[in-house]
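Chemist: Sequence and computational prediction follow.
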Amino acid sequence: MGAFKQPHGGELKELYLQEHKADEEKQRAGDYASWDLTPRQLCDLDLLLNGAFSPLEGFLGEADYEKVCDEMRLESGVLWPMPITLDVSKAFSEEIACGDTIALRDHEGVLIATMDVSDIWQPDKESEALRVFGTSDDTHPAVDYLFHQAGPVYLGGKVHGIEPPTFFDFKLLRDSPSELRGRFRKLGWRKVVAFQTRNPLHRAHQELTFRAAREAEANLLIQPVVGMTKPGDIDHFTRVRCYEHVLEQYPEQTTTLSLLNLAMRMAGPREAIWHAIIRKNYGCTHFIVGRDHAGPGNDRNGEPFYGAYDAQELFREHEEELDITMVPFKMMVYVENKAEYTAVDETEPDDKVLELSGKEFRRRLYEGLEIPEWFSFPKVVEELRRAHPPKHEQGFTVFFTGLSGSGKSTIANALMIKLLEDGSRPVTLLDGDIVRKNLSSELAFTKEHRDLNIQRIGFVASEITKNRGIAICAPIAPYAKMRRQVREVISPLGGFIEIYVSTPIEVCESRDRKGLYAKARAGIIKGFTGIDDPYEEPVNAEMVINTQELSPDLAAHRILITLEKLGYIR
Ligand code: PPS
């Protein structure tokens, strides 16, 4: 591996089998118990197999796991801060025994690797959270994952790579450690400083990376994470397009971009050590650690999980052993009177410092407001605006709920017509009866079937909302839990406006347009909402409409006014 040494003198551990051995193993794997990898496990496995996680040779066994949690070290004594574990369901763990080999497959069933199971154990997750992340507060994304998503049983053992995971996006920007080392060798880059990021790059980042390269007299690798970052982050497709624009601002001879399929844990100081080991494996000699490196934000009480410079401190303690040099950075700020960026601790008393917090930046972005030139690059802002349009260009769902005969359909229909007249976006009406005919024709009115019906409506509405259309739903949706679930699915994708049509049961029954209430009273229809099946009244609907007080036309008009107030229409 030439000038590039792996930490602690070890070689890069690439775990793919040679072609003929992989073919043989593939044949045998038909008989192995098979585990479908979760997205996070697939990221971990990808980096295990390509050597980015050297010196690991597989998912951690129990002894290594315990020592990593306690001391950030493997049993061998080698520094390794993050437990890389294969969590599975109890049912799957009961199918297998230590000594078995299992098949590890992606979500389409492609065999990525096999694993010789050496350990099967049930971890104490609370203790793991406290030891690794220093907290059991599940507002920490990795604690949330550990407690609410990870399976209850861990499997450890060596892995044998059969086929690298397939990527359809940005293929030319994805490199294995040996590929990147090869590129550095070819370019004659003996010193490389790596910059890790999960955010779009703005001017402050550019200045910081320029300075780092200058200080270290090194070339620059911008290596953004595209595996899994903090929930709520800007999607990687948008970010990579932004990185490509920013790259035009860098000298081509000394800067390169490569994407890292890492599943981050947001573990602050421990994560910084982990990132450095990975960058060392990729052939870098220096690593930038800025303010609050891989920080998960604030805890339940509004306090930061880690100190702003804790990562730098922990890195410093282990720098020699890591064999990669830290380039520490304070926060960069813009000094207006000097028209340049500088480290926050280098400003002078008379300097006029301009700042734009991440929160304020996002607010301006989402509301289509001005973003100053000193903060970012026009092409980056344009890209971000395209991905996060202002509310009047986002999709939204208007979700009516109410008893049969409450007037939902009539108002929903009136609203649809008014929105079609406005013409700003395509509109789809998912009325109870329409859905029951086209989407849920085999379903009855049991609780289970009603839930499934609402789930389907929620799914279709979420797709419409994501693609910037308008979905109008008008089912009875009698159960609060399902309404909440639909809200949770749709809200991150656009607007969600719940409207409770609160017409009392007596009025609905007296109208009895379809004659169903009479049949329900006579016991001909069983489980009828409001008669012998419950309707749980919404408590957090954006609007309540009583059709005794408002005509359908006026009700639809009121809804339009609310949509205008919320910013979804102009
Ligand atoms: S649910 O609970 O949300 O899945 O119901 P939904 O799909 O909206 O119901 C659509 C229409 O089915 C008729 N219908 C019943 N409603 C309630 N309970 C029972 N048991 C039932 N059986 C048939 C009823 O007319 C609903 O139409 P709307 O438009 O609401 O009157």
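Modeler: Nice, thanks for sending it over. Residues are numbered from 1 along each chain as shown.

Chemist: can you pull the buried residues of the helix or strand where Lys21 lies?
Modeler: Element membership for Lys21, per DSSP states H and E: helix 19-29. Across helix 19-29, burial judged by 16 or more other Cβ atoms under 10 Å covers Ala22, Glu25, Ala29. Just so you know, the C-beta spots here come from the backbone N, C-alpha and C atoms, and that holds for glycine as well.

Chemist: So for it, mean pLDDT?
Modeler: Averaged across helix 19-29, pLDDT comes to 97.

Chemist: picking up where we left off before, out of the buried residues of helix 19-29, which comes closest to Arg181?
Modeler: Among the buried residues of helix 19-29, Ala22 lies closest to Arg181 (Cβ to Cβ), at 22.8 Å.

Chemist: Can you tell me the closest non-neighbouring residue to the closest one?
Modeler: Ile162 (4.8 Å; Cβ to Cβ, 6 or more residues apart in numbering).

Chemist: State the pLDDT value of the residue lying closest to Leu560 once chain neighbours are set aside.
Modeler: Leaving aside its sequence neighbours, Leu560 sits nearest to Lys418 (Cβ to Cβ, 6+ apart; 5.8 Å). Reading off the confidence values, Lys418 has pLDDT 97.

Chemist: ditto for Ala3
Modeler: pLDDT recorded at Ala3 is 40.

Chemist: mind listing the strands for the stretch 351-500 of the chain?
Modeler: Applying DSSP state E, counting those that start in this stretch to the stretch 351-500 of the chain gives strands spanning 353-354, 396-401, 427-431, 470-474, 495-501.

Chemist: check whether the third one contacts the ligand.
Modeler: No - where contact is defined by Cβ under 6 Å from any ligand atom, no part of strand 427-431 touches the ligand; the two come within 6.9 Å at best.

Chemist: now that strand against strand 470-474, angle please.
Modeler: Counting by axes from the mean of the first three to the mean of the last three Cα atoms, to 10 degrees, strand 427-431 lies at 10 degrees to strand 470-474.

Chemist: Neighbouring strands - and their directions - for strand 427-431?
Modeler: Here strand 427-431 has these sheet partners by DSSP bridges: strand 470-474 (parallel).

Chemist: residue of the stretch 1-150 of the chain with the smallest distance to the ligand?
Modeler: His148 (28.0 Å; Cβ to the nearest ligand atom).

Chemist: same question, the chain
Modeler: Gly432 (2.9 Å).

Chemist: any idea how the chain splits into domains?
Modeler: 7-161, 171-260+266-387, 391-566 (automatic domain parsing).

Chemist: near the ligand, which residues of the stretch 51-200 of the chain?
Modeler: Within the stretch 51-200 of the chain, not a single residue sits near the ligand (Cβ under 6 Å from any ligand atom).

Chemist: Could I get the strands of the stretch 351-500 of the chain in JSON lines, plus columns for mean pLDDT and mean neighbour count?
Modeler: Shown next, in JSON lines, are the strands of the stretch 351-500 of the chain (pLDDT from 0 to 100; neighbours: other Cβ atoms under 10 Å):
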{"stretch": "strand 353-354", "mean pLDDT": "94", "mean neighbour count": "13"}
{"stretch": "strand 396-401", "mean pLDDT": "98", "mean neighbour count": "28"}
{"stretch": "strand 427-431", "mean pLDDT": "96", "mean neighbour count": "20"}
{"stretch": "strand 470-474", "mean pLDDT": "98", "mean neighbour count": "27"}
{"stretch": "strand 495-501", "mean pLDDT": "98", "mean neighbour count": "23"}
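
Chemist: could you dump those strands to JSON lines with distance to Thr229?
Modeler: Below are the strands of the stretch 351-500 of the chain laid out as JSON lines (distance: least, Cβ to Cβ, whole Å):
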{"stretch": "strand 353-354", "distance to Thr229": "27"}
{"stretch": "strand 396-401", "distance to Thr229": "26"}
{"stretch": "strand 427-431", "distance to Thr229": "32"}
{"stretch": "strand 470-474", "distance to Thr229": "29"}
{"stretch": "strand 495-501", "distance to Thr229": "24"}
